[in-house]
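>>> Below: sequence and its predicted model.
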Amino acid sequence: MPSDNKYILSQDVVNAIHQYYANNTNKDRQDKSTSSNDQLVNILRRQLDEKDQQINKFQKLLDQQQQLNLSSQKLLENQKSEQNIKSNTVQSRENDSKGDSNDSDTNISKQNEKPSNETRENFWKRLFR
């Protein structure tokens, strides 16, 4: 009630005013903290989504790398087997040519030998039968 342009407030009214402002301040703080928590949760969700995408990309890249390694390993094995086949073919040709030269030497030496006495006799016996 005004007296000389002043308000006189009872203790009950003063307590009610303090409670009102204390409750409103707590509500504002709760609203602000809830708002900041929601923002933080949204930011963390976006980051998790990004990380999931990165993990998926890396898994795909890893799969591709493994496939490339496998195919290059197969190619190397094929090249080695081809080289082994070629070297075996070359060696067998060399052995064949060595064998042929040895056989021809043997044949020539047999031709140059004079027939034995038995062979001569057999020849004459067959001739005059």
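All right, it came through fine.
>>> gap between stretch 74-83 and the chain center?
21 Å (CA atoms, centre = their mean, to the nearest Å).
>>> C-alpha coordinates for it, PDB please?
Listed next in PDB are the C-alpha coordinates belonging to stretch 74-83 (Å, rounded to 0.1, in the frame of the first residue of the first chain):
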ATOM      1  CA  LYS A  74      47.600 -65.200 -59.200                       C
ATOM      2  CA  LEU A  75      49.300 -63.400 -62.000                       C
ATOM      3  CA  LEU A  76      52.700 -63.900 -60.400                       C
ATOM      4  CA  GLU A  77      52.000 -67.600 -59.900                       C
ATOM      5  CA  ASN A  78      50.800 -67.900 -63.600                       C
ATOM      6  CA  GLN A  79      54.000 -66.200 -64.800                       C
ATOM      7  CA  LYS A  80      56.200 -68.500 -62.600                       C
ATOM      8  CA  SER A  81      54.400 -71.600 -63.900                       C
ATOM      9  CA  GLU A  82      54.800 -70.300 -67.500                       C
ATOM     10  CA  GLN A  83      58.500 -69.700 -66.900                       C
END
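>>> In this protein, mark out all the helices, start to finish.
Taking DSSP state H, the helices of the chain run over residues 11-112, 117-127.
>>> Just put those in TSV and tack on mean neighbour count, distance to residue 5 and mean pLDDT.
(C-beta placed from N, C-alpha, C; glycine too.) Compiled in TSV, the helices of the chain are given as follows (neighbours: other CB atoms under 10 Å; distance: least, CB to CB, whole Å; pLDDT from 0 to 100):
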stretch	mean neighbour count	distance to residue 5	mean pLDDT
helix 11-112	10	18	81
helix 117-127	10	163	72
